[in-house]
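A.B. asks: Output the structure for:
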Amino acid sequence: MKFDMGAQTLSTLQSKSRGSSDDLGALIRQLVLAAEPLEGKFNGSGKAAFDSFKARSDEISQSLHSALSSILGGQSGMDSAFGTGDQEQGDNARTQMGAANFDAARFSGR
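C.D. replies: Model prediction:
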């Protein structure tokens, strides 16, 4: 099995995820602002649900932000691990090549 990933793949993923996190927070704030004209228009259980949504919007935003921050942390850890693994693989290859006796592998017709 071959696993081939570009050196910048995880960095690019982190950058895009960070942007998505910021966008999601902004969209939630816009949703709350867009719902303001509806305040006072509901009665009964509709009013209770609307009031609960409005009161919990900050909590919802924080929960989503926290979840996306955890994802970003995982992506950062993967990026670090892949970078370290790539470096170690190169170091190991150079060490093995330095220890190899290439002269013994020469095929001469003598």
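
A.B. asks: tally of neighbours for residue 22?
C.D. replies: Residues contacting residue 22 under the criterion other Cβ atoms under 10 Å number 12. No exception for glycine: its C-beta is placed from N, CA and C like everyone else's.

A.B. asks: next one: residue 10
C.D. replies: Taking other Cβ under 10 Å as the criterion, the count of residues near residue 10 is 19.

A.B. asks: give the contact list for it.
C.D. replies: For residue 10, the set of contacting residues under the criterion of Cβ atoms under 8 Å, 6 or more residues apart in numbering consists of 75, 78-79, 82.

A.B. asks: Excluding sequence neighbours, find me the nearest residue to it.
C.D. replies: On the basis of Cβ to Cβ, 6 or more residues apart in numbering, the spatially nearest residue to residue 10 that is not a chain neighbour turns out to be residue 79, at 3.8 Å.

A.B. asks: Tell me who's in contact with the one you found.
C.D. replies: When the contact criterion is Cβ under 8 Å, 6+ apart, the partners of residue 79 are 10-11, 14.

A.B. asks: Read off the pLDDT value for it.
C.D. replies: According to the prediction, residue 79 has pLDDT 85.

A.B. asks: Which helix or strand in the chain has the lowest average pLDDT?
C.D. replies: Ranked by mean pLDDT, DSSP states H and E, the weakest helix or strand in the chain is helix 9-35, scoring a mean of 81.

A.B. asks: can you give me the offset of that one from its chain's centre?
C.D. replies: With Cα atoms, centre = their mean, to the nearest Å as the basis, the distance from the averaged C-alpha position of helix 9-35 to the chain average is 12 Å.

A.B. asks: Could you identify the helix or strand that succeeds that helix?
C.D. replies: Later in the chain than helix 9-35, the nearest helix or strand by DSSP states H and E is helix 44-99.

A.B. asks: Run the angle between that following helix and helix 9-35 for me.
C.D. replies: Helix 44-99 runs at 170 degrees relative to helix 9-35, counting by axes from the mean of the first three to the mean of the last three Cα atoms, to 10 degrees.

A.B. asks: what separates helix 44-99 from the chain centre, distance-wise?
C.D. replies: Here the centre of helix 44-99 is set off from its chain's centre by 4 Å, with Cα atoms, centre = their mean.
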